[in-house]
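Chemist: from the sequence below, what's the structure:
(one chain, ligands or ions: 1)
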Amino acid sequence: MTQLKICGLKPGDDLTFASHPVVTHTGIVFAPNSRRYVDPDRAADLARALAASSTVMGVFVDTPMDQVLDIARYVGLGGIQLHGKEGPEDCARAKAAGYEVWKALPAPRNAGHTAPFRQVLSSYTGVVDALLIDAPPPVNAAAGVTGGYGQPFDWTHLPALLAQPTEPLPPIWIAGGIRPDNVRRLFAHLHPAGVDVSSGVETEGRKSPEKILAMIEAVSPYA
Ligand SMILES: O=C(O)c1ccccc1N[C@@H]1O[C@H](COP(=O)(O)O)[C@@H](O)[C@H]1O
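Modeler: Here you go, the predicted structure:
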């Protein structure tokens with residue numbers, strides 16, 4: 001059963017997709033350097049419109065936790081998605097405040113780093129609601145850009161990474177350059193708890209209702 005999150009929504013986007021049952025989560029970005037950043041006042045209106053049918057996640061990168069929780073409360077977020085250097089203690093604090101909590105971690109570039117990466121994943125067991133394995137930053141990433149690169153990573157290592165017979169992991173979501181035309185290839189390697197998409201459902205920097213619909217259709221047989 002794979003769920004779908006559509007992230008990087010902005011005021012003015014067509015939100016009709018959000019009532020589709022496959023779309024369980026939506027996201028608003030609060031990383032100041034992101035071209036998808038939405039200020040909390042405008043985000044509050046957006047979150048109100050989305051919250052009827054999805055869990056609205058706020059995406060943060062190394063924002064002090066007091067500020068994350070203030071924004072989450074003000075905007076009316078349902079969840080907090082942490083993409084920076086936040087560790088299990090930060091996640092536990094967000095969880096204790098009553099939010100669904102996801103920790104995003106960049107996939108190892110090298111298959112040989114699978115075992116240490118799995119140990120990092122395990123350190124969040126019992127702390128977060130989901131782990132989001134995202135693409136590592138591209139070598140040519142623009143200065144200050146901290147996520148939403150639109151580039152997939154090598155999915156072939158995922159089965160080995162997630163099949164080790166040690167302690168159970170939180171539900172695993174996958175992000176990073178997932179598009180309507182490549183998501184089935186991801187499913188050939190892994191049926192994750194969910195897929196989180198942003199760049200892959202955009203045209204010229206704005207969410208595309210056609211691409212979102214194509215993504216919903218691609219994920220629906222696995223949902
Ligand atoms: O979307 C952003 O601008 C962003 C900024 C900072 C951290 C995370 C961000 N987005 C998240 O990154 C992944 C992958 O996105 P993409 O599909 O490759 O564009 C996803 O979880 C977004 O929510």
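Chemist: only C-alpha atoms from now on, for both contacts and neighbour counts.
Modeler: Fine.
Chemist: let me see the contact set for the residue nearest to the spatial centre of the chain.
Modeler: What sits nearest the mean C-alpha location of the chain, by CA atoms, centre = their mean, is residue 196, with 4.7 Å. Applying CA atoms under 8 Å, 6 or more residues apart in numbering, we find residue 196 in contact with 4, 5, 6, 7, 173, 174, 175, 176, 178.
Chemist: repeat for residue 209
Modeler: Taking CA under 8 Å, 6+ apart, we find residue 209 in contact with 14, 17, 201.
Chemist: filter the residues you listed to the buried ones?
Modeler: 17, 201 (16 or more other CA atoms under 10 Å).
Chemist: would you say residue 18 is within a strand?
Modeler: No: residue state for residue 18 (DSSP: H, G, I helix; E, B strand; the rest coil) corresponds to helix; a strand is not indicated.
Chemist: and it, how many neighbours does it have?
Modeler: Counted with other CA atoms under 10 Å, residues neighbouring residue 18 total 21.
Chemist: what's the pLDDT at it?
Modeler: As predicted, residue 18 sits at a pLDDT of 95.
Chemist: any stretches of this structure with poor pLDDT?
Modeler: Counting by pLDDT under 70, the ranges of the chain that qualify are 111-112, 164-166.
Chemist: tell me where it has strands.
Modeler: If DSSP state E is used as the criterion, the strands of the chain fall at 3-6, 23-29, 55-60, 79-82, 100-106, 130-134, 172-175, 194-197, 202-203, 206-207.
Chemist: what are the pairing partners of the third one, and which direction each?
Modeler: Strand 55-60 has these partner strands in its sheet, going by DSSP bridges: strand 23-29 (parallel), strand 79-82 (parallel).
Chemist: check what contacts the first one and list those residues.
Modeler: Translated: strand 23-29. Contacts for strand 23-29 (CA under 8 Å, 6+ apart): 3-10, 17-18, 36-38, 43, 50, 53-60, 216.
Chemist: the shortest one now?
Modeler: The set of residues that contact strand 79-82 without belonging to it, under CA under 8 Å, 6+ apart, is 55-62, 72, 91, 94, 99-104.
Chemist: near the ligand, which residues of the chain are found?
Modeler: 7-8, 31, 34-36, 83, 146-151, 175-178, 196-200 (CA under 6 Å from any ligand atom).
Chemist: let's see 5 Å
Modeler: Contact residues, the chain versus the ligand (CA under 5 Å from any ligand atom): 7, 34, 146-150, 175-177, 197-199.
Chemist: closest to residue 133 among these?
Modeler: Ranked by distance to residue 133 (CA to CA), these are led by residue 175 at 6.1 Å.
Chemist: quick check: that closest one touching residue 192?
Modeler: No: counting by CA atoms under 8 Å, residue 192 is not a contact partner of residue 175; they are 10.3 Å apart.
Chemist: more neighbours, those two?
Modeler: More neighbours surround residue 175 than the other of residue 175 and residue 192, with 24 against 18 (other CA under 10 Å).
Chemist: which residues does the more buried one contact?
Modeler: Going by CA under 8 Å, 6+ apart, residue 175 touches 132, 133, 134, 135, 152, 195, 196, 197.
Chemist: all set now, cheers.
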